[in-house]
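K.L.:
I would like to see how this sequence folds:
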Amino acid sequence: TVATFKHASYPQESVILTVRGTTEPDKIIVVGGHIDSVAGGGDNPAPGADDNASGIAVTEEVIRVLMASGYKPAQTLKFIAFAAEEAGLRGSGEIAAAFKKEGAAVQGMLNLDMTNYKGSAEDIYFITDYTNAEQNAFLGKLVTTYTGYTWSTSKCGYGCSDHASWTKNGFAASLPFEAKFNECSPDIHKARDTLAQMGGRATHALKFAKLAVAYVVEMAK
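P.N.:
Got it, this is the predicted structure:
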């Protein structure tokens, strides 16, 4: 099922796609990223190809692959496109707080924000602050077990994306990132954040789609 999540103080809505679990539907796995983009101020065009069309594209590819395969998760999957991340994590903040208030049994949250610019030596970097160390280690094992990719860690230094909202509300959350934090795409938040700046392809983002599929299947057994 697909539903919008309306926010009280701004017009952009979040979107939630739910795949109900077959045997443990009360347990929930969350995967998603933000759908808004910015480029300076005023009316500057904000294509947001890396920040964050890349993360949303990865989320949609995970959905496509799982549904095309006929996959039936034991636990419930919620794929969420968050509104208003660039305005202060507002969409994810409201949704994570609502999940907490409802007593939702969220087993883990994977945040996909910026996945298609390879600015550093390793393929995937796990952000270690405002995230869950145990889940980060688990994700590293998934990379090693299921892919031929390399991984390392980095820090934002602040709650830099929607994973921080879930961490704040007591849920295990992780952010696999495209590069070391200070070596990410120089084009984000600018009118030139287009696919052309990343070679016109989604080669790097594919790595995150493979990781996210492994995460969903292992978590929702």
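
K.L.:
and the gap between N136 and T194?
P.N.:
Distance of N136 to T194, computed by CB to CB, to the nearest Å: 31 Å. C-beta here means a position set from N, CA and C on the backbone, and glycine is covered the same way.

K.L.:
Those two: who's more crowded?
P.N.:
Higher neighbour count among N136 and T194: N136, with 19 against 16, using other CB atoms under 10 Å.

K.L.:
Quick check: pLDDT value at the more buried one.
P.N.:
You'll see N136 listed with a pLDDT of 98.

K.L.:
for this structure, what's the longest helix?
P.N.:
helix 203-219 (DSSP state H).

K.L.:
other SSEs contacting that helix?
P.N.:
The elements that helix 203-219 packs onto, with contact taken as 3 or more CB pairs under 8 Å, 6 or more residues apart in numbering; DSSP states H and E, are strand 24-34, helix 55-68, strand 105-111, strand 124-127, helix 133-146.

K.L.:
do you know which of the ones you listed lies nearest A74?
P.N.:
Set against A74 and scored by CB to CB, the helices and strands packed on helix 203-219 come closest in strand 24-34, at 5.4 Å.

K.L.:
now the angle from the closest one to strand 105-111?
P.N.:
Put simply, strand 24-34 runs at 20 degrees to strand 105-111, going by axes from the mean of the first three to the mean of the last three CA atoms, to 10 degrees.

K.L.:
Centre of the chain to strand 24-34, how far?
P.N.:
Counting by CA atoms, centre = their mean, to the nearest Å, strand 24-34 is centred 11 Å from the centre of its parent chain.

K.L.:
what do you get for stretch 66-75?
P.N.:
Centroid displacement of stretch 66-75 relative to its chain, using CA atoms, centre = their mean, is 19 Å.

K.L.:
outside of it, which residues touch it?
P.N.:
Contacts with stretch 66-75, where a contact means CB atoms under 8 Å, 6 or more residues apart in numbering, come from 19, 21-25, 27-29, 77, 107, 213, 216-217, 219-221.

K.L.:
Please pick the buried ones from those residues.
P.N.:
19, 21, 27-29, 77, 107, 213, 216-217, 219-220 (16 or more other CB atoms under 10 Å).

K.L.:
Now distance to S154 and pLDDT too, for the residues you listed, in TSV please.
P.N.:
Converted to TSV, those look like this (distance: CB to CB, whole Å; pLDDT from 0 to 100):
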residue	distance to S154	pLDDT
V19	31	98
G21	33	98
K27	30	98
I28	27	98
I29	24	98
L77	27	98
Q107	25	98
V213	23	98
V216	23	98
V217	26	98
M219	23	98
A220	27	96
